[in-house]
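Enquirer: following is a predicted model, sequence given first.
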Amino acid sequence: MKRLLLSIAVSSVALFGCAEKEEPAAKPKGEKQAAADVGAGKVFAERECKACHGVDGKSVAPGIPHLAAQRERYLADSIKAYREGKRFHSALKQMAGRMTQADVHNVAAYYARLPAAVPTVGKEVQPYSPYENGKALAAACAKCHSEDGNSPTRGVPNLAGQQPRYLVTAIDEYLNKERKAAPMHALLPGLSKIDKENLALYFASQTPASRPAPAAGDPVAGEPLSAVCGGCHGSQGVSTDTATPSLASQDPTYLVNAIKAYRTTRKREKMRAYVSGLSDKEIASIAAFYTAQKSRPAERGQTIVQELTDKCERCHGAAAESSPLVIPRIRGQDRDYLVMALRAYRDDRRESTTMHKMSLPYGDTIIESIATFYAALPPK
């Protein structure tokens, strides 16, 4: 999924974050902050900032944020965050450490008063849809798994409705030869990380078809035997964890083979400990029980980007103008920079409880989708 390969040099000059909700430092009682000297801020920007952010506040390279028309309080708080080590960038930490409070106030005021940068990304990059990209990739899987992931072939697993992180893990296990190879697996080495996530999101969003109980095994006997399985795989085999597979509506032959594989080749010690004590008859009954259960899509890939950007707008939209919190403008921001910032929140390399919770579940493909969406919007 990583279409952006940012050089170390470009990465090292990224400055301000995507979203923080930190109150500015309180001024001593009775102390009034002097009016900003915008002229002095321009002088400072020409001396210290223009190599990366330009005197006009417009990014000079991908991965560097635009500062023009950014909220003044947010710019000042961002400098403070680098100075205090809450954000990590060696050169910026050193520069922020040398700045007086007046320097911070002046340069933030200067950039905040500049006209916003006009985004060019909309002219160069089409809106990025992980679902549509996954759908295109899924055409290569249709021969065995069908176009919607409901396998018509005995022994071939359903992919429809499957949990997306699990599907990515499964692909990697085939690539690492931790699972038995099949003819289609020759296609897998050509998939990037983003391709895998796109493919997984597409199949996760399809509706699993209902299946009758198979001739082999006894679903009634299989239900009590599945009690231990339900702790991870969910009630009736419908998982609620993106990394744990759903078993409901799965092909019974595939289920039997998969369960038996945990006795030998598949590396899951908890699974191995349980299935090792099961007879072949009991395994067939567990498979029969899960096959007959109704499943559902694990994701809504068709609308996920819209749903997530609607959530972003609650803070970064019109309400931000009157909010007492420190919220940056992100419309028209450099796309590569937004990708970097969202990954930093996801990977806990930036401090923001709200953003960490918001971005943690997202794979790189969702992050790129959101970044592209906002980068292409006209600034407000």
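Expert: Received the coordinates, thanks. Residues are numbered from 1 along each chain as shown.
Enquirer: what's the closest non-adjacent residue to Arg343?
Expert: Using C-beta to C-beta, 6 or more residues apart in numbering and skipping the chain neighbours, the partner closest in space to Arg343 is Ile367 (6.1 Å). Where you see a C-beta, it was placed from the backbone N, CA and C, and this is true even at glycine.
Enquirer: surely the one you found meets Val339?
Expert: Yes: counting by C-beta atoms under 8 Å, Ile367 touches Val339, with 5.8 Å between them.
Enquirer: tally of neighbours for Gly39?
Expert: Neighbourhood size, Gly39 [other C-beta atoms under 10 Å]: 10.
Enquirer: secondary structure element for it?
Expert: Assessed by DSSP states H and E, Gly39 sits inside helix 38-44.
Enquirer: what does Glu313 give?
Expert: Assigned by DSSP H and E, Glu313 belongs to helix 304-316.
Enquirer: ok, back up a step: how many neighbouring residues does the residue nearest to Arg343 have?
Expert: Considering only other C-beta under 10 Å, Ile367 is surrounded by 24 other residues.
Enquirer: elements contacting whatever helix or strand it lives in?
Expert: Applying DSSP H and E as the criterion places Ile367 in helix 364-375. With contacts taken as 3 or more C-beta pairs under 8 Å, 6 or more residues apart in numbering; DSSP states H and E, helix 364-375 sits against helix 121-124, helix 130-138, helix 193-204, helix 304-316, helix 335-346.
Enquirer: again, only using 7 Å
Expert: In this structure, helix 364-375 packs against helix 130-138, helix 193-204, helix 304-316, helix 335-346, with contacts taken as 3 or more C-beta pairs under 7 Å, 6 or more residues apart in numbering; DSSP states H and E.
Enquirer: dump these to a markdown table, plus mean neighbour count.
Expert: A markdown table is the format used below for the helices and strands packed on helix 364-375 (neighbours: other C-beta atoms under 10 Å):
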| stretch | mean neighbour count |
| --- | --- |
| helix 130-138 | 20 |
| helix 193-204 | 26 |
| helix 304-316 | 15 |
| helix 335-346 | 24 |
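Enquirer: in JSON lines: those helices, plus mean pLDDT and distance to Cys52.
Expert: Output for the helices and strands packed on helix 364-375, formatted as JSON lines (pLDDT from 0 to 100; distance: least, C-beta to C-beta, whole Å):
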{"stretch": "helix 130-138", "mean pLDDT": "95", "distance to Cys52": "30"}
{"stretch": "helix 193-204", "mean pLDDT": "95", "distance to Cys52": "27"}
{"stretch": "helix 304-316", "mean pLDDT": "90", "distance to Cys52": "23"}
{"stretch": "helix 335-346", "mean pLDDT": "90", "distance to Cys52": "11"}
